[in-house]
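Participant: Based on what follows, work out the 3D shape:
(one chain, ligands or ions: 1)
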Amino acid sequence: MARTIHIIGAGLAGLSAGVRLATPHNRVIVHEATAFAGGRCRSYHDASVGMTIDNGNHLLLSGNRAALDFLRKIGSERRLIGPTAAEFPFLDLKNRARWTLRFDDGRLPLWIFDSKRRVPGTRALDYLSVARLLWASPDKTVGETIAGKGRLYSGLIEPLLLAALNIDPPQGSAKLAAAVIRETLAAGGRACRPLIARDGLAPTLIEPALDYLRGRGAEIRLEHQLRGMRFAAQRVEALDFGDETVTLGDMDAVILAVPPYAAASLVAGLTVPNEFRAIVNAHFRIEPPAGQPPILGVLNGTTQWIFTFPGRLSVTVSAGDALLDAPREQLARTIWAEVAQAATLPAAPLPPWQIVRERRATFAATVEQDRRRPGAGTAWRNLLLAGDWTDTGLPATIEGAIRSGNRAAELVSEQ
Ligand SMILES: Cc1cc2nc3c(=O)[nH]c(=O)nc-3n(C[C@H](O)[C@H](O)[C@H](O)COP(=O)(O)OP(=O)(O)OC[C@H]3O[C@@H](n4cnc5c(N)ncnc54)[C@H](O)[C@@H]3O)c2cc1C
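Facilitator: Below you'll find the model as predicted:
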C-alpha cells in the first residue's frame, strides 16, 4: 500500500521535496497556508503597474545545479533566459563609468589578467584576497577575513556577496561567503552565467512544479494551514489543520517546509534562525530601451541591480532594512532617477511603479544565525525539516531551498 507524505508549505523547498517523492509508491499531499504556492518566490497581478510581476527579482546562476535539475525535471529549464557567457555589465553612478566583467568559461581565471575584463582600477594580484575567504575559519565574519574597501571590494566582492548573502558583507559569515565563491567565481564562468525567469517566477518555477505534481497524482491543498502536531515519543502521530485532524499511518511522513518562525511555533524547543534581512524591489512599467542588458549592476546608488523584463524595469535592493520605513513615493522617485540615468532615459517621467518590501526576505547570514540552522532530521523519525534556513551550507537562496527539499525527500525515501 502507498504511504502518504504530507508536505507542509508550497515554497520551493516543499515543491522540490514533492517533485522528488511523487512516485507510484507515495501519496504526496502538499498543504499550503496561503491561497497561492511559491512562498517567497511568487508572481501576482499588481494593480498599480497593471501587470503580473514577481514579489522580487530572483537571479539564478548556471552553477545552481539543484535548481537547474529541478527545472529540467518539471520541464521548465528553457524558460530561464540569460547570456551565453558569464558577463556582468556595471555602471558606477558616481562617475558614470561603465564596464563589463567577463569571466572565462573554465576554472582558470584568465580574466583577472585582462584589464578590459576585470574591475577597472584593480590589479591581478588584488584577486588573491578572494582566496582568503575560501579558507576562512567558520567562526569569522567576512569583515574579519578581508578588507571591506578598495576597488575590488566595491566593484565585485561587495555586489556579489550583498546579493548572495543579503547582508552588509562585512557582517556576513565568511563560511557562507566561501560557499558562494566556491560555487561561482572559483567554479569558473560556466557556473556564473546569470539566469532570469523572464516570463515570471510563477510560470517558470511554480506552476510547472504544481502541474508535475498533479500529473503524478499529488494533491495540492491551498489555504490549508497546519496549526499543530501531536507528538509521540519517536514519531508525529497526527496533524491538526483546525477543521480537520489527520492521523498518520506507521509508514507516513511529514516534511515541514515552512519559514523558520513558523517551524519554531509548531515544534517546541526547535532552534532556528531568528534574525532576518529585508529585500526591497521597485518595479517600473516602461518598455526597456533597446540594448538594455538583462541585468545591470549599479554602484554608489540606492539601486543595486536593474533587471529587464518585457514591458518593465525592476530594481533590487538587498539588505534593504534601512528602506523599510521610507515613504513609498519618495523611494520610487529616488530609484527611478537612477534607473533613468542607467537606461539613458534622462527626461522620462516617473512611470507607473510599485515598491515591494519583503521584511523577512532571508535569515541574516551571520555566524551566529548560521549556527542556529538545524539539519533535515529531527528527534521524531517521521518528521523532516526543509527550507532555505535549514543547514544547507548555503545562504538563503533558491538553490539552498531546493537542496533542502531534495535532502528531506532523500531521508524520507531511505526510511
Ligand atoms: C524579494 C526576494 C528576492 C530574492 N531574490 C533571490 C535571488 O535573486 N536568488 C535566489 O536564489 N534567492 C532569492 N531569494 C530567496 C528565495 O526566494 C528563497 O530562498 C526561497 O524562495 C525560499 O523557499 P522556501 O521553500 O525555503 O521558503 P518559503 O518560500 O518561505 O515557503 C514556505 C511556505 O510555507 C507556507 N507556510 C507557512 N506556515 C505554514 C503552515 N503552518 N501550514 C502550511 N503552510 C505554511 C508559506 O505560506 C510558504 O508558502 C529572494 C527572496 C525574496 C523575498
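
Participant: Which element, helix or strand, includes residue 180?
Facilitator: Assigned by DSSP states H and E, residue 180 falls within helix 174-183.

Participant: other SSEs contacting that helix?
Facilitator: With contacts defined as 3 or more C-beta pairs under 8 Å, 6 or more residues apart in numbering; DSSP states H and E, helix 174-183 has these neighbours: helix 128-134, helix 142-145, helix 158-165, helix 367-371. Where you see a C-beta, it was placed from the backbone N, CA and C, and this is true even at glycine.

Participant: mind listing what's buried in the shortest one?
Facilitator: Across helix 142-145, burial judged by 16 or more other C-beta atoms under 10 Å covers 142, 145.

Participant: again, but for stretch 408-415
Facilitator: Across stretch 408-415, burial judged by 16+ other C-beta under 10 Å covers 408-409, 411-412.

Participant: okay, those in a markdown table with secondary structure next?
Facilitator: Listed next are the buried residues of stretch 408-415 as a markdown table, based on DSSP: H, G, I helix; E, B strand; the rest coil:
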| residue | secondary structure |
| --- | --- |
| 408 | helix |
| 409 | helix |
| 411 | helix |
| 412 | helix |
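
Participant: where along the stretch 51-200 of the chain do the strands fall?
Facilitator: 51-54, 59-61, 80-81, 87-92, 98-102, 194-197 (DSSP state E, counting those that start in this stretch).

Participant: Out of these, the one nearest residue 181 is which?
Facilitator: Each of these has some distance to residue 181 by C-beta to C-beta; the shortest is strand 59-61, at 12.0 Å.

Participant: For the closest one, name the packing helices and strands.
Facilitator: Helices and strands touching strand 59-61, as assessed by 3+ C-beta pairs under 8 Å, 6+ apart, comprise strand 194-197.

Participant: tell me the average confidence for whichever helix or strand comes after the strand it packs on?
Facilitator: Going down the chain from strand 194-197, the next helix or strand is helix 201, by DSSP H and E. Taken as a whole, helix 201 has a mean pLDDT of 97.

Participant: wait, residue 222 sits on residue 9?
Facilitator: No. Using C-beta atoms under 8 Å as the test, residue 222 is too far from residue 9 to be in contact (11.6 Å).

Participant: joint contacts of those two?
Facilitator: Residues touching both residue 222 and residue 9 (C-beta atoms under 8 Å, 6 or more residues apart in numbering): residue 32.

Participant: higher neighbour count, these two?
Facilitator: Neighbours per residue (other C-beta atoms under 10 Å) separate residue 222 from residue 9, with residue 9 holding more: 28 against 15.

Participant: wait, that one sits on residue 32?
Facilitator: Yes. At 6.5 Å, residue 9 and residue 32 qualify as touching, with contact defined as C-beta under 8 Å.

Participant: Can you mark which positions in the helix or strand that contains residue 339 are buried?
Facilitator: When secondary structure is defined by DSSP H and E, residue 339 falls within helix 328-342. By neighbour count, with 16+ other C-beta under 10 Å as the criterion, the buried positions of helix 328-342 are 331-332, 334-342.

Participant: what is the rounded mean pLDDT of the following helix or strand past it?
Facilitator: Scanning the chain past helix 328-342 towards its C-terminal end, the next helix or strand to appear is strand 353-363 (assignment: DSSP H and E). Mean pLDDT, strand 353-363: 98.

Participant: rewinding a little: and the two most separated of the buried residues of stretch 408-415?
Facilitator: Between any two of those, the greatest separation by C-beta to C-beta is 7.4 Å, found for 409 and 411.

Participant: how close does the nearest residue to residue 345 once chain neighbours are set aside get to residue 303?
Facilitator: With C-beta to C-beta, 6 or more residues apart in numbering as the measure, residue 289 is the residue that lies nearest to residue 345, at 6.4 Å, once sequence neighbours are left out. Distance of residue 289 to residue 303, computed by C-beta to C-beta, to the nearest Å: 16 Å.

Participant: ok, and what's touching the helix or strand of the chain with the lowest mean pLDDT?
Facilitator: Least confident helix or strand, the chain: helix 128-134 with a mean of 89, by mean pLDDT, DSSP states H and E. Applying C-beta under 8 Å, 6+ apart, the contact partners of helix 128-134 are 142, 145-147, 152, 157, 174, 177-178, 181-182, 185-186.

Participant: pLDDT and distance to residue 83 for the residues you listed - can I get that in TSV?
Facilitator: Conversion of those to TSV gives the following (pLDDT from 0 to 100; distance: C-beta to C-beta, whole Å):
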residue	pLDDT	distance to residue 83
142	97	28
145	95	31
146	93	28
147	90	31
152	93	23
157	94	22
174	97	30
177	97	25
178	96	26
181	93	21
182	94	22
185	88	17
186	90	20
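
Participant: Show the buried residues in the residues you listed.
Facilitator: Buried residues within these, defined by neighbour count using 16+ other C-beta under 10 Å: 142, 145-146, 152, 157, 174, 177-178, 181, 185-186.

Participant: Ramachandran coordinates for the most centrally placed residue in the chain?
Facilitator: For the chain, residue 397 is the residue whose C-alpha lies nearest the centre (C-alpha atoms, centre = their mean; 3.0 Å). Dihedral angles of residue 397 (phi, psi; degrees, to the nearest 10) stand at phi -140, psi 170.

Participant: was I right about it contacting residue 403?
Facilitator: No. Counting by C-beta under 8 Å, residue 397 sits too far from residue 403 to count as a contact (9.3 Å).

Participant: and residue 289, what does it touch?
Facilitator: Contact partners of residue 289, counting by C-beta under 8 Å, 6+ apart, are 343-345.

Participant: Which of these sits closest to the ligand?
Facilitator: When these are compared for distance to the ligand (C-beta to the nearest ligand atom), residue 343 wins out at 20.3 Å.

Participant: can you pull the contacts of that closest one?
Facilitator: Residues in contact with residue 343 (C-beta under 8 Å, 6+ apart) are 288-289, 292, 306, 313.

Participant: got it, and residue 13?
Facilitator: Contacts were defined as C-beta under 8 Å, 6+ apart; by that measure residue 13 touches 257, 386-388, 390, 401-402, 404-405, 408.
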